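# just a sequence and a predicted model for now, questions to come.
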Amino acid sequence: MPLFCDVALPVPLDMPFTYAIPPGMEPVVGGRILVPFRQQRMSGIVVELHDRTPQTTSVKIKNVIEALDLAPVLDDQLLKLGKWISDYYLAPLGEVFRTMLPLSAEFKRSVAYRITDTGHMALHLAGMSGSSARSRRTPDEQLIEFRVLDYLGERDGADVSENRLRHATRASRALLDGMVRKKWIAREDVSAARDAARTIKVAVLLSADVETPLAASAETGQAPSLPPRGRGVGVHVKNPKLNANQRTLIDTLAAAGGRVPIESLRGLDLPRTTLSTLVRRGLIQLIDEPKAFTVSKIRPRPSPFEFDFSPAQKEALAKTRDSVTSRKFAGVLLHGVTGSGKTAVYLAGMREVLDQGRSAILLVPEIGLTPAVAADLHHVFGDEVAILHSALTHAERAVQWHRIKRGDARVVVGTRSAVFAPVSDLALLIVDEEQDSSYKQEETPRYHARDVAVMRAKMAGAVVVLGSATPSLETYYNAKKNKYALLELPDRVEQRPLPEVEILDMRQEFQETGHEQVISRKLAEEIRDRLNKKEQVMILLNRRGYSPVVLCRACGQTLQCKNCAVAMTHHKREHKMECHYCGYVAHIPDKCAHCGSEYVYFVGTGSEKLEELLHGMFPQARIGRLDRDTVRGREDFEHTLNALNEGELDMLVGTQMIAKGHDVHGVTLVGVVGADHALSLPDFRAAERTFQLLTQVAGRAGRGESPGKVVLQTYFPDHYAVQFAARHDFAGFYDKELQFRSWMHYPPYAAIANVVVRSEELDQALAWSGELGRWFERTRHEGIRVLGPAAAPILRLKRDYRYHFILKSPSREKMNTWLRAMLAEAAARKIPRTQIIVDVDAVWLM
Ligand SMILES: [Zn+2]
Ligand SMILES: [Zn+2]
């Protein structure tokens, strides 16, 4: 066995750490390992095993505490992918690996304790005789030891993490070590113990030694001869030495068909020893059974295969099939208008891959799309589907991850991080709505799941399909340059027409009505018409809360978050002010915090207020709302969508959450109320985003029998993003926008990186960004432009003052090298690594 291993730890340092491997321990590359790091224990991933004695003189090489995995949790390909992400996005490797493994519970609490039989005995003795007189331990220590045993005894069979145990009992680490040495308690690595969490213990009655009257009757066909009532005996047992408790237990098991989860036996209120005695005597066996896991509660839509594939769909499928068969990397852009049947192509492609015994991953943008797609997938693939998305609990994620790793599930659907699903023999990777910004992670590592998907497919020799009605400029450009094959689905299924879009100029509406309208007269009229016809309506307002701004009419100040330079939003129902950037909550002000005036006004409209307004205008209508305030979990979302599908709602109001992928056939009118305010933001992607959102939401209308209509209220009726969206003209928008990007040296013509320098102290942020600015100036690179330092559009965010640089270059490699040098310079100047954000291919520039 090698003497040393290099470990990537989830800390903000760009290097692996070397540890010595104690004799007898066999860590594996790609497996998790527990090591001492500073004052704590931490688990990381083994990246190399070797015999090179480290060159450090000052620090003694520490020993590995424990190898947590016998087999790699990250295979060679995922290790390689992780290293690529670490290089490309300039992120510490250990933090990349942590993101790739949805096993955070196992990572954080890697050590758990349980009580042993000896410990039970000690607890029992302590309870009888107080303490042992010969003990050299102090009374305090004895008390704590007793507490530990008692605490673990109460929770026998469950993992108790070290943190929880120490918090509950005030035990020191040394004291626990002593108890482990005495074999009173056992310390376990949780990666193994978690297996218990994924399964339930079931008690099984072994019929060989016991015969119940029911079993006897089944065998002999005779009427059971029940013993006289009232004697507490329900079974005839060959072994005569059963006490009443044991009989009750066996009775219960027999009545339940011989198998009962031990959890449900608790209700019998028997001593714990009853079960264990019967197990020891071989009358009952305990087995592990996997916990049942429901994929999704949403009702499946009619089978996506009920309609015939159009020639375009067939062609897309055939092209994908050919590429998959060749086992060589291929990239495909599937550009299909909304409602053109992209999902059916995905499912058919995945079905074929599965039939060949290979694996497929489908990425979807956010929880919003997942339930419906998961329901479809479940419908088509049954138990071979696993889902991985952010709304799952840690435990649920781990269950899914292990199912995939074991090969039980070879079709994976999920959000961003599902790109790391540990499938083997990956054949097909699909990124649905590839333009969606939720694929970009806005914390370290700041990876883009679409780009990682392309790289993973390259490494695996797989096919990557990027699907969208509104592809990102980057992807469309790549397809035009023949880096990807471009497949178009130009028509909606069954030739349903795209909805008619009417642009409503809200400036004119203001002039004609004399005051600011939320719902224009025209939109109100259209809504009334649909409600009369019993058709459904969706209204998009991409801003949550009640009022986005609180303004003092006396001094003109707005109520700002104390942590961020942004206005706080009024949430009426929850009776609070909330910052949508950091989550800070404050009381609703009754007077101005700046001048004390009482003329405080709530300005503007969010989705909560819109819902209230619509209730007032259409009191008979049943209105649902979908936004981050009404959707706390997957269930809320599914509940509302199901209600809409079942016709229990007439109208659905919401933020961009309602714009994505929901196939609701009854919706014939979509109203867009203020989806264009992004156009006034200082962000070069504003036009692209607005175009995409408008196209997406318009696509929700008229997916059933009746044709759809969209009323698009805007203050920018002449903006090309609005105009092209209204005409469903992607190519037109694309040409215009590319021209602008080319002039301004923005992607796809240049790679960009956003470097943010942050500090809670304004002076510090200014000083550091000044130093780095002078360094960029001094080391100036040919072909790389640096803009800044400048105050970030949101100067203060989550308590930090922020200054930033934007780097643009046609050469990604050059830019990457320079950024690496910048980080080295910053480290030399003692600027903490955590205070500099390097965001390669930044999507959010605020
Ligand atoms: Zn004021
Ligand atoms: Zn804030």
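Arrived safely, thanks for sending. Ligands and ions are numbered 1, 2, ... in the order given.

# now the residue nearest to Ala398 when sequence neighbours are not counted: how far from Leu559?
Sequence neighbours aside, Leu103 is the residue nearest to Ala398 in space, at 5.4 Å (criterion: CB to CB, 6 or more residues apart in numbering). Just so you know, the C-beta spots here come from the backbone N, C-alpha and C atoms, and that holds for glycine as well. Counting by CB to CB, to the nearest Å, the gap from Leu103 to Leu559 is 42 Å.

# run a quick neighbour tally on Thr138.
Neighbourhood size, Thr138 [other CB atoms under 10 Å]: 9.

# could you list the low-confidence segments of the stretch 301-450 of the chain?
Residues of the stretch 301-450 of the chain that meet the criterion pLDDT under 70 lie in 301-307, 367-375, 390-391.

# who's in contact with the residue in it that ligand 2 sits nearest to?
Of all residues in the stretch 301-450 of the chain, Glu442 sits closest to ligand 2, at 15.1 Å by CB to the ion. The contact partners of Glu442, by CB atoms under 8 Å, 6 or more residues apart in numbering, come to Trp844.

# the residue nearest to Ala398 touches Trp401, doesn't it?
Yes. Look at Leu103 against Trp401 with CB atoms under 8 Å: they come within range, at 6.5 Å.

# compare neighbour counts for those two and give me the winner.
Trp401 (25 against 21).

# that one against Leu101, yeah?
Yes. Contact criterion CB under 8 Å: Trp401 and Leu101 qualify, at 7.5 Å.

# need the nearest residue in space to Gly788, chain neighbours excluded.
Phe805 (3.7 Å).

# burial measure for that neighbour, as a count.
Neighbours of Phe805 using other CB under 10 Å come to 21.

# mind saving the C-alpha coords of the helix or strand it falls within as CSV?
Assigned by DSSP states H and E, Phe805 falls within strand 800-809. Output of strand 800-809 as CSV, limited to C-alpha atoms (Å, rounded to 0.1, in the frame of the first residue of the first chain):
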residue,chain,number,x,y,z
ASP,A,800,-20.4,43.5,1.5
TYR,A,801,-19.3,46.5,-0.5
ARG,A,802,-18.5,45.3,-4.0
TYR,A,803,-16.2,46.7,-6.7
HIS,A,804,-15.7,44.8,-9.8
PHE,A,805,-13.7,44.3,-13.0
ILE,A,806,-15.1,42.9,-16.2
LEU,A,807,-12.5,41.1,-18.4
LYS,A,808,-13.2,40.4,-22.0
SER,A,809,-11.1,38.4,-24.4
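
# what about that strand, average pLDDT?
Strand 800-809 shows a mean pLDDT of 96.

# ok, it near ligand 2 or not?
No. Against ligand 2, strand 800-809 shows no contacts by CB under 5 Å from the ion, the least distance being 10.7 Å.

# shift numbering so it begins at 568
All set: I'll call the first residue 568, so the last point we hit is now strand 1367-1376.

# who are the contact partners of the closest residue to His1232 other than its chain neighbours?
Distances taken as CB to CB, 6+ apart put Gly1271 closest to His1232, at 3.0 Å, once the chain neighbours are dropped. Residues in contact with Gly1271 (CB under 8 Å, 6+ apart) are His1232, Gly1233, Val1234, Thr1235.

# Leu1364 now?
Applying CB under 8 Å, 6+ apart, the residues contacting Leu1364 are Asn1130, Cys1131, Ala1132, Val1133, Tyr1148, Cys1149, Arg1325.

# any idea what it is bridged to?
Asp1367 (DSSP bridges).

# now do the helices in the stretch 868-1017 of the chain.
878-893, 909-922, 937-948, 961-973, 1016-1027 (DSSP state H, counting those that start in this stretch).

# same question for the stretch 1018-1167 of the chain.
1040-1047, 1073-1080, 1088-1099.

# out of these, which is the most enclosed?
Highest mean neighbour count of the helices of the stretch 1018-1167 of the chain: helix 1040-1047, a mean of 20 (counted as mean count of other CB atoms under 10 Å).

# how far off centre is that one?
27 Å (CA atoms, centre = their mean, to the nearest Å).

# just checking, what packs against that helix?
strand 897-903, strand 1052-1056, helix 1297-1311 (3 or more CB pairs under 8 Å, 6 or more residues apart in numbering; DSSP states H and E).

# just say which of those is most tucked in.
Of the helices and strands packed on helix 1040-1047, strand 897-903 is the most buried (mean count of other CB under 10 Å), at a mean of 23.

# can you name every helix or strand that it contacts?
helix 878-893, helix 909-922, strand 1030-1035, helix 1040-1047, strand 1052-1056.

# try it again at 10 Å.
helix 878-893, helix 909-922, strand 993-999, helix 1016-1027, strand 1030-1035, helix 1040-1047, strand 1052-1056 (3 or more CB pairs under 10 Å, 6 or more residues apart in numbering; DSSP states H and E).

# now render these as TSV, adding distance to His1312.
Shown next, in TSV, are these (distance: least, CB to CB, whole Å):
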stretch	distance to His1312
helix 878-893	34
helix 909-922	33
strand 993-999	27
helix 1016-1027	20
strand 1030-1035	24
helix 1040-1047	14
strand 1052-1056	25
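
# nearest to Arg814, of these?
helix 909-922 (49.9 Å; CB to CB).

# contacting residues around the closest residue to Val727 other than its chain neighbours?
Nearest non-adjacent residue to Val727, counting by CB to CB, 6+ apart: Tyr680, 5.2 Å away. Residues near Tyr680 by CB atoms under 10 Å, 6 or more residues apart in numbering: 686, 715, 718-719, 722, 726-729, 731-733, 738, 743, 746-747, 752-755, 760.

# and what of Lys1048?
Pro1315.

# tell me the confidence at it?
pLDDT at Lys1048 comes out at 94.

# and it, how far from ligand 2?
According to CB to the ion, to the nearest Å, Lys1048 and ligand 2 sit 42 Å apart.

# where's the residue in the stretch 1268-1413 of the chain positioned nearest to ligand 1 relative to Leu1329, distance?
Using CB to the ion, the closest approach of the stretch 1268-1413 of the chain to ligand 1 is made by Arg1363 at 20.2 Å. Counting by CB to CB, the gap from Arg1363 to Leu1329 is 8 Å.
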